[in-house]
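Enquirer: no sequence on hand, only this structure:
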């Protein structure tokens with residue numbers, strides 16, 4: 001996806017395993033793993049955007065599921 005510029009599928013897979021909002025929230029060894037696959041000048045910025053989007057999507061899905069459950073609606 002052009003939206004996440006320099007990130008590869010493997011980098012995204014690593015990032016998907018962590019429910020963090022930003023690059024700085026990731027453990028150093030995870031940051032190193034992501035950068036070892038491909039270290040581009042915008043990698044950390046693309047990862048930051050990717051993490052933020054995933055974090056917000058997960059929070060939205062959790063909230064929507066809780067509302068559906070409270071209303072007795074099958075999601």
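Expert: Looks like it came in fine. Computed from a predicted model, the values in this text were never measured in an experiment.
Enquirer: ok, for the most centrally placed residue in the chain, nearest residue in space, not its chain neighbours?
Expert: Nearest residue to the geometric centre of the chain (Cα atoms, centre = their mean): residue 51, 2.9 Å. Of all residues not flanking residue 51 in the chain, residue 20 sits nearest, at 5.4 Å (Cβ to Cβ, 6 or more residues apart in numbering). All C-beta atoms are positioned from the backbone trio N, CA, C, and that covers glycine.
Enquirer: how close does the one you found get to residue 47?
Expert: The gap separating residue 20 from residue 47 is 10 Å, by Cβ to Cβ, to the nearest Å.
Enquirer: state the pLDDT value of residue 37.
Expert: Per-residue pLDDT puts residue 37 at 93.
Enquirer: where does pLDDT dip in the chain?
Expert: 1-2, 75 (pLDDT under 70).
Enquirer: hey, where'd the helices end up in it?
Expert: With DSSP state H applied, the chain shows helices at 9-16, 28-37, 43-71, listed in chain order.
Enquirer: list the buried residues in the shortest one.
Expert: I take that to be helix 9-16. Going by neighbour count (16 or more other Cβ atoms under 10 Å), the buried part of helix 9-16 is 11-12, 14-15.
Enquirer: what's the farthest-apart pair in those?
Expert: Within the buried residues of helix 9-16, 12 and 14 form the most distant pair, 7.3 Å apart (Cβ to Cβ).
Enquirer: pretty sure residue 54 contacts residue 17?
Expert: No. Under the criterion of Cβ atoms under 8 Å, residue 54 makes no contact with residue 17, lying 10.6 Å away.
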